[in-house]
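Enquirer: Next input, structure requested:
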Amino acid sequence: MKKMKEWSMMMLVMLMIPLMVACSKDSEEEESVDITKAVGTWYCIKSTDSSGGYTANDLFVGHSVSIKANGTYTSTSSSFGTSGTYKVNGSKIVVNTNSGRAFMVSVFFSGDTMTWRGSGEGVSFTYVFEREK
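Expert: Sure thing, here's the model as predicted:
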């Protein structure tokens, strides 16, 4: 009887391993960015920038970014670069500003809201935008 319990337990564990591997793999994969959702003009409604242990809120609020389908953008904020280029790299976007700065950004959409989480040049940031109406 004891061997039967051990055998049953071992079989249960063996059946669970593929399920655990399948679940963990799904959670690690990020969706590729659909840049067509981002094309247009967006106004920042909330921002957080962190660098060297300091955090600044709402520095980008009120500024806009216009994203074009041809891989370029313009911005009303000189801190982000008034213009530049971007390239989609899987689930991330690599942004190069006209001032020579580079950023890596993850983009998330929810209705007419777009959120950027990124870093570069010693700064990490989160910006929330609303689409121009």
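Enquirer: Where do the strands of the chain begin and end?
Expert: Counting by DSSP state E, one finds strands in the chain at the ranges 40-51, 54-57, 64-67, 72-75, 83-89, 92-97, 102-110, 113-120, 123-131.
Enquirer: Including distance to residue 33 and mean neighbour count, could these go into JSON lines?
Expert: C-beta: built from backbone N, CA, C; applies to glycine. What follows is these, written out as JSON lines (distance: least, Cβ to Cβ, whole Å; neighbours: other Cβ atoms under 10 Å):
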{"stretch": "strand 40-51", "distance to residue 33": "15", "mean neighbour count": "17"}
{"stretch": "strand 54-57", "distance to residue 33": "26", "mean neighbour count": "10"}
{"stretch": "strand 64-67", "distance to residue 33": "11", "mean neighbour count": "19"}
{"stretch": "strand 72-75", "distance to residue 33": "14", "mean neighbour count": "18"}
{"stretch": "strand 83-89", "distance to residue 33": "5", "mean neighbour count": "15"}
{"stretch": "strand 92-97", "distance to residue 33": "6", "mean neighbour count": "18"}
{"stretch": "strand 102-110", "distance to residue 33": "5", "mean neighbour count": "15"}
{"stretch": "strand 113-120", "distance to residue 33": "11", "mean neighbour count": "17"}
{"stretch": "strand 123-131", "distance to residue 33": "15", "mean neighbour count": "18"}
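Enquirer: Same list, the ones you listed, but as TSV with mean pLDDT please.
Expert: Putting the strands of the chain into TSV (pLDDT from 0 to 100) gives the following:
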stretch	mean pLDDT
strand 40-51	95
strand 54-57	95
strand 64-67	95
strand 72-75	94
strand 83-89	93
strand 92-97	92
strand 102-110	92
strand 113-120	93
strand 123-131	95
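Enquirer: Quick check, central residue of the chain?
Expert: In the chain, the residue lying closest to the centroid (Cα atoms, centre = their mean) is residue 106, at 1.6 Å.
Enquirer: so the closest residue in space to that one that isn't next to it in sequence bridges to which residues?
Expert: What sits nearest to residue 106 in space, not counting adjacent residues and going by Cβ to Cβ, 6 or more residues apart in numbering, is residue 117, at 4.8 Å. Partner residues in beta bridges with residue 117, using DSSP bridges, are residue 106, residue 126.
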